[in-house]
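Chemist: show me the folded form of this:
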Amino acid sequence: MAREQSTIDAARASRRTAPIDIPEALARRVVVEHIEPEIDGGRFAIKRAIGETVDVTATIFGDGHDVLVATLRDRHEHVGGLGIGDWGLGAEDARDPIPNPQSPTPSRVTSWRETPMTMAATGTDRWTARFDVAAIGWHEYEIVARVDRFLTWRRDVRVKSAAGQDVSVELLEGALLVRDAAARAADSDAAWLLEQADALSDSTPPADRLATALGEELAAAMATYADRSRATASPRRRVWVDRIRARFGAWYEMFPRSAGPDPTRSGTLAEAAALLPRIADLGFDIVYLPPIHPIGTSFRKGRNNALVAGPTDPGSPWAIGSPEGGHTAVDPGLGTLDDFVAFVREAERLRLEVAIDLAWQCSPDHPWVAEHPEWFRHRPDGTIKYAENPPKKYQDIYPFDFECEDWPALWRALLDVTRFWIDRGVKIFRVDNPHTKTFGFWEWMIGEVRAEHPDVLLLSEAFTRPAPMRYLAKAGFTQSYTYFTWRNTKAELTEYFTELTATDVREYLRPNLFANTPDILHPYLQHGGRPAFEARLLLAATLGAAYGIYSGFELAEGQAVPGTEEYADSEKYQYRKWDWNRPGNLDELVARVNRIRHAHRALQIDRTLQFHAADNPEIIAYSKTSADGAETIFVVVNLDPHHMQHGHVEIPWMAAEQSYEVRDLIDDVSYQWRGARNYVRFDPDIRQGHILWLPKPRT
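Modeler: The predicted model follows:
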C-alpha cells in the first residue's frame, strides 16, 4: 500500500514540474463576437460599389471593469488600380464611363487603415465604426480589441483625485506604464515619454503631476505606442467592391433581329445599331441582347412556340449552335463578329454599355455535340437528353452535364467563351437560368473572371425559390432578377422590398427590377392598359436603383397568349417590326423618369428605402434619402390602373403645422403641403403617381 501511494505522489510531482501547454489565445481578456455584416459566418463576401460605406458592428466585452479599446481595420487589394478618380465619376451623375477592355495590372495590397470603434449605447456592448471603399476589387476588414491599462489607470486617477483621495502611489504606477510605452516607441518619442514618466514620479507638487497624468498629449502618445500584445483580433471578413454600374443603372432589352425594316428577314447588327440613339435618348444605361449566336435547325420551334417551325421561322436564340458555329460565333443573319464589335463601339459613343447573354446550353446542331458528346447527359438508348421542365419540353436544347467525367474541360471551355466576349468589349453579362447549373461552377468561374477583369458584371436570371436565388448572389453574381413582376399589391411590395433592403439580404443580393421580360407579361400588364405600364415603370425605377424593361414595354404592349404570361407573337420565335411612334407610347415618361434617376442620388441606392402610411390600400408611399442625407425623394403610386384613387399619405418627420413646398419631378408642378398628413388624388387617364422632391428632413 505504501509503495502504491509513493507511485501516486511521484506522478503528482512530475505533473507539477512538467510545462503546461496552454494556448496563448486563452490569455486574451477581450471577446469579439456577433460581427455584422457577415454572410454565413464569413463564408461569403458582402458587396459594395465604389464610394459606398461599410457599417460594422460587433459585440465586444472583457472581464472586470477595465477600459476597452476597439479598432476597425480595413485594407484594399488593388486590382488594376481602378478607383473613383479613374472612372471620372461626378457627384451629380452616377454614369460609368465605358470600361477599358484591357486586362488589369497585377494586384497589390495596401496597408491597414484603422478607425476607432465606439459603443453604440452605454451598457450594450455593441460597438460600431465604418469605412468607405473607393476602388474596385477585394477589400477586407477585421476588429482588434484590447484592454487598455493606461486608459484604465487614467480613468481611476481622475475619479480618485476628484474624490479628494491621495493618488501619489497611482502616479508612480502610471510612470511605470509610460516607461513601458517608451520602450516600444521611436527614438524621438521615447525620449519625450521618459520625460513624462519622470514628471509623474518626481517630487514636484501633486497638482502638476496630476496635470501631466491627465494631459491629452500624453494620452495621444500612449495610444500610439499602446501594448497590443494581448489584443483580440476577429476573423477577417471580405468585401467585393464593384463599379457603380453594379448598383445603379437602367437596362433595355432588345432583339437585334427585329431591328430591320423587313419583318420577313432578320435585322442586322448594323440596323440594330441605328436604333441605339433612340435607346440612349430614353435615358438607358445598358442595352442587353439575347443570344446572338447561330441557331440550330433540329427541332426548331415555330411561331408562338409551335413544335414544328415553318420554312422561314428563325427559331429561339437560346437554341445555340449550328454548322456556322457555336457560342463564339455570330448568327449570319445578324452579320459578322466585326459587325458586333462595331455595334459595341457605337453604343460606347452614345454612353451605353452592351450586355449579352451567357446561356450554357446547345442546340442539337452545335459543334460541341459532335466534338464533345461527353459533356452532355445521355439516355439509356445512347441519345442525348434534351432540356425539360415537366411538363414542358425543350427538344431544341441540350443542357450541359456539369458533373460529367470531363467536367474540368467543360468548365474551362465555358470560361474561355466568357473571356472571348470580354476581349471584344463586353463587360456585362446576363446569365440564363444559372440555378440549373452547379453552384460551385459559378463561384469558380466568377472568381476567375474577377481576377482578370474586376469591372465585369453578371446578372443572375434565376426565377426560382428564394434559397437558390440567394445562394447564387452569395456565390458572386453582381445583380439578381427578383419576384418584382409578381408583387403587385401594397402588402406584397412592402413585405418584399423590406426584405430586400432592410435585412441581411441587402449585404449580398442586389435586385434588378425588370418590369417585363420576353418570358413574362404579367396579367397586371395584360389587362391594365397604359396606366398599368405607367405604374409599374414608376415602381421599378424608384423602388430599385437597378431596373429594366424589355422592348415593347414603352409601347404598352400587352397582348398575351390567352391564359398565360407568354407574349402573343413572341420575339423569341419570330421577327417583329415595331412601330416605335405608335400612339399611346410611354417614351416621354420613360425618358423623364430616367433623367430624374440620374439627377437625384437618392434614387441611385436601395438601402435608404422606407415605406410610409397611406390610408388607401391602392396607394403606396415610400421615400429614399441620399447616402449623405442631403436630399429625400418621396414617391406615391396608384396601384389601381382602372379607377381613380385618392387618400392621405404621411411624411412622419414633418412637424404638425409646418408648411412646405413639394415639387413633382415628373412634370415640375409644385404643391403646398402642411404637416405630416397630406391629400393625393390619381386619375388613371391623367397620372399614376408622383415623384416628389422634399425639403431636407429635420434632424
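Chemist: for the stretch 251-400 of the chain, just list every one of the strands.
Modeler: 286-289, 353-358, 361-362, 387-389, 392-394, 398-399 (DSSP state E, counting those that start in this stretch).
Chemist: most packed of these?
Modeler: Mean neighbour count, computed with mean count of other CB atoms under 10 Å, is highest for strand 361-362 among these, reaching a mean of 26. All C-beta atoms are positioned from the backbone trio N, CA, C, and that covers glycine.
Chemist: residues contacting that strand, please?
Modeler: By CB atoms under 8 Å, 6 or more residues apart in numbering, the surrounding residues in contact with strand 361-362 are 296, 318, 320-321, 326, 368-369, 376, 387, 397-400, 432.
Chemist: could I get the average pLDDT for it?
Modeler: In this model, strand 361-362 has a mean pLDDT of 97.
Chemist: repeat for stretch 498-508
Modeler: Mean predicted confidence for stretch 498-508 is 97.
Chemist: would a markdown table of the contacts of strand 361-362 with pLDDT be doable?
Modeler: Output for the contacts of strand 361-362, formatted as a markdown table (pLDDT from 0 to 100):
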| residue | pLDDT |
| --- | --- |
| G296 | 97 |
| W318 | 97 |
| I320 | 98 |
| G321 | 98 |
| G326 | 98 |
| W368 | 98 |
| V369 | 97 |
| F376 | 96 |
| A387 | 84 |
| I397 | 94 |
| Y398 | 96 |
| P399 | 96 |
| F400 | 97 |
| D432 | 97 |
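Chemist: now intersect those with the helices, please.
Modeler: Assignment to helices by DSSP state H places the following of the contacts of strand 361-362 there: 368-369.
Chemist: what about the stretch 451-600 of the chain, any weak spots by pLDDT?
Modeler: Counting by pLDDT under 70, the stretch 451-600 of the chain contains no low-confidence residues.
Chemist: where along it do the helices fall?
Modeler: Using DSSP state H, counting those that start in this stretch, the helices found in the stretch 451-600 of the chain span residues 466-475, 490-502, 523-543, 587-599.
Chemist: and the angle from the second one to helix 466-475?
Modeler: If you take axes from the mean of the first three to the mean of the last three CA atoms, to 10 degrees, helix 490-502 sits at 30 degrees to helix 466-475.
Chemist: name the residues that touch helix 490-502?
Modeler: Contacts of helix 490-502 (CB under 8 Å, 6+ apart): 482-484, 486-487, 505-506, 509, 511, 539, 543, 606-607, 609, 611, 614, 617-620, 622, 639.
Chemist: thinking again about what came up before, okay, the strands of the stretch 251-400 of the chain in a markdown table with distance to A58 next?
Modeler: A markdown table is the format used below for the strands of the stretch 251-400 of the chain (distance: least, CB to CB, whole Å):
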| stretch | distance to A58 |
| --- | --- |
| strand 286-289 | 38 |
| strand 353-358 | 38 |
| strand 361-362 | 45 |
| strand 387-389 | 44 |
| strand 392-394 | 49 |
| strand 398-399 | 44 |
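Chemist: before we move on, the earlier item: give me the buried entries from the contacts of helix 490-502.
Modeler: For the contacts of helix 490-502, a burial check counting by 16 or more other CB atoms under 10 Å picks out 482, 484, 487, 505-506, 509, 511, 539, 543, 606-607, 609, 611, 614, 618-620, 622, 639.
Chemist: apart from its neighbours in sequence, what residue is nearest L218?
Modeler: Spatial nearest neighbour of L218, excluding adjacent residues (CB to CB, 6 or more residues apart in numbering): Q196 at 5.5 Å.
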